[in-house]
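Participant: got a predicted structure here, sequence first:
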Amino acid sequence: MQSNESQQPCSSNSSRKRKFVEDLPENFLDTVCPPNSKARLEDPLQSGEITFSGNNSMHFSSSEHAFGREPSGQLSYTEDGDDYQCLEEMKFSMNSQNNMSLFGDDSNNQANDDYLNFELSRTPSPFDFGDDLMIPELSSDDVRAISQVVLTQNWSEEQKPNIADIGEFEVTSTQKNNTRSRKELVQPSSPVKRSKPPHSVAAQSSVGSNASVKLEEISYIDTKNLCERITIEMRDNKIAQKTFAEKILCRSQGTLSDLLNNPKPWDKLKSGKTTYLRMFNWLAQPLSRRMAILEMDIDDVHEALGMSAPVPVRNASKKSKSMKSDPDTKRTRFVFTNIQKETLEAIFKETERPSREMQETIANHLKLDVESVCNFFMNARRRKLHKKTN
DNA sequence: TGGCAGTCAATATC
DNA sequence: GATATTGACTGCCA
């Protein structure tokens, strides 16, 4: 990937938009950096977060800087305070070691000769192989097939992919150097020794649990991408949600449906990480083995996934309080009437967190239990939340 | 103790 | 029949 060298003079520090001069294919970011993925720059001088938002946009933010490439192709750069700098270029380059360099240059700003040069050491993505970055048009089937290769082939020690690269890449080093020349900063073709991320995960083998990872070994999973892949996998291999949920996850069909349609970001998860990790470890197996696991006894499934049995759901046979005396009675699910529901929703729009007293008043007016009203608001808050995140 | 995460499982919807 | 929705339960944590 070569950069366009054209320069745009920085006319004024008040200018907050710069033409994006990098000659990148339109779908470059979407292709090499999965939408909604994040990368973290660990350099203490220039730490920050890069977010790939889809639609070919990317934003970097730190305590000092905030800039991004908009879908329009413009480079935006904003900074509060007096030390505003003007970035003339933002460049990306890939080398044969699958390292991506992001380079921002504000060399026109002589008063503050500051360069930003981040080397994003990333693992091979399903999309690039060899010395040249490939920007193919990929169908979902292609993505799946290539991912399969990436996840299951035997990599050399140097090439080991991070199987967490299901929609994610790791940032291992970043540099900021105010004294180095620009040429020194950008060396797209020179191999950059890739240091292994401290919590990266490698697919070691295509056989059995060797391809699995433990919770403590993994730093991040792109749950959205993972769920998309699981959905494709289930569709293509005609695996019913009920089968997959019960066999692989030890969870119910409804739970799986919810997880797949409303994946929570990895860093927002608590104990729920293990459920996603089971999906992840299943997907990391070769296809034949994935299918074989579905036929295994439950104990063998745990072993195949390299994971212990999940914490049993303690409320597995849930009955309403009134049903507890008769455990064989099938619970009927309470359903709010239209009026109750519409009223609750209207109140929720105004007040997401009504006081206990207010909940009691609502319950009285709608002839509901306070617990039901409480549950409604609790569920509404979190379900609204994951609608937002999606 | 209240709020929440994770989940079940009935049932609505496709 | 498969999947999506949703009211409620349990345990954890601040």
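Facilitator: It's in. As the structure is a prediction and not an experimental result, all values here were calculated from the model.
Participant: flag every buried residue along stretch A:255-271.
Facilitator: A:255-256, A:259-260, A:262-264, A:266, A:269 (16 or more other C-beta atoms under 10 Å). (C-beta placed from N, C-alpha, C; glycine too.)
Participant: gap between the two ends of that stretch?
Facilitator: 14 Å (C-alpha to C-alpha, to the nearest Å).
Participant: could you list the residues in contact with it?
Facilitator: Stretch A:255-271 is contacted by residues A:220-224, A:226-227, A:230-231, A:241, A:244-245, A:249, A:251, A:272-273, A:275-276, A:311, A:383, A:386-387, A:389-390 when judged by C-beta atoms under 8 Å, 6 or more residues apart in numbering.
Participant: now the stretch 251-390 of chain A against DNA strand C: closest residue?
Facilitator: Closest residue of the stretch 251-390 of chain A to DNA strand C, C-beta to the nearest atom of the strand: A:Gly254 (2.5 Å).
Participant: quick one: the strand or helix carrying A:Cys227 near DNA strand C?
Facilitator: A:Cys227 belongs to helix A:223-236 when assigned by DSSP states H and E. Yes. Using C-beta under 7 Å from any atom of the strand, helix A:223-236 comes into contact with DNA strand C via A:Met234.
Participant: next structured bit after that helix?
Facilitator: Following helix A:223-236 toward the C-terminus (DSSP H and E): helix A:241-244.
Participant: what helix or strand is the residue of the stretch 251-390 of chain A closest to DNA strand C on?
Facilitator: helix A:253-261.
Participant: any residue of the helix holding A:Cys227 up close to DNA strand B?
Facilitator: No. On the criterion C-beta under 7 Å from any atom of the strand, helix A:223-236 is out of touch with DNA strand B, staying 10.4 Å away.
Participant: for the stretch 101-250 of chain A, what lies in contact range of DNA strand C?
Facilitator: So far as C-beta under 7 Å from any atom of the strand goes, the stretch 101-250 of chain A lies against DNA strand C at A:234, A:240-242.
Participant: and the next helix or strand after the helix holding A:Gly254, is it in reach of DNA strand C?
Facilitator: Next helix or strand after helix A:253-261 toward the C-terminus (DSSP H and E): helix A:273-283. No. Helix A:273-283 does not reach DNA strand C (C-beta under 7 Å from any atom of the strand); its nearest approach is 13.1 Å.
Participant: give me the number of residues near the residue nearest to A:His365 when sequence neighbours are not counted?
Facilitator: Residue nearest to A:His365 in three dimensions, not counting chain neighbours: A:Thr343, with 7.8 Å by C-beta to C-beta, 6 or more residues apart in numbering. Using other C-beta atoms under 10 Å, A:Thr343 has 16 neighbouring residues.
Participant: now do A:Gly306
Facilitator: Neighbours of A:Gly306 using other C-beta under 10 Å come to 18.
Participant: okay but it is in contact with A:Ser212, surely?
Facilitator: Yes. Between A:Gly306 and A:Ser212 there is a contact at 2.9 Å, judged by C-beta atoms under 8 Å.
Participant: find residues that contact each of those two.
Facilitator: In contact with both A:Gly306 and A:Ser212: A:Asn281, using C-beta under 8 Å, 6+ apart.
Participant: ok so, going back, so which strand or helix has the residue nearest to A:His365?
Facilitator: helix A:338-350.
Participant: do that helix and DNA strand B meet?
Facilitator: No. Judged by C-beta under 7 Å from any atom of the strand, helix A:338-350 makes no contact with DNA strand B; its nearest approach is 10.6 Å.
Participant: only the buried residues of that helix, if you could.
Facilitator: Buried-residue list, helix A:338-350, by 16+ other C-beta under 10 Å: A:340, A:343-344, A:347-348.
Participant: again, but for stretch A:366-381
Facilitator: Buried residues in stretch A:366-381, counted by 16+ other C-beta under 10 Å: A:366, A:368, A:372-374, A:376-377, A:380.
Participant: just send the residues of the stretch 101-250 of chain A next to DNA strand C back as JSON lines, with distance to A:Thr361, pLDDT and neighbour count too.
Facilitator: Formatted as JSON lines, those follow (distance: C-beta to C-beta, whole Å; pLDDT from 0 to 100; neighbours: other C-beta atoms under 10 Å):
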{"residue": "A:Met234", "distance to A:Thr361": "46", "pLDDT": "98", "neighbour count": "16"}
{"residue": "A:Ala240", "distance to A:Thr361": "45", "pLDDT": "98", "neighbour count": "12"}
{"residue": "A:Gln241", "distance to A:Thr361": "40", "pLDDT": "98", "neighbour count": "16"}
{"residue": "A:Lys242", "distance to A:Thr361": "41", "pLDDT": "98", "neighbour count": "13"}
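Participant: nearest to A:Pro286, of those?
Facilitator: A:Met234 (16.5 Å; C-beta to C-beta).
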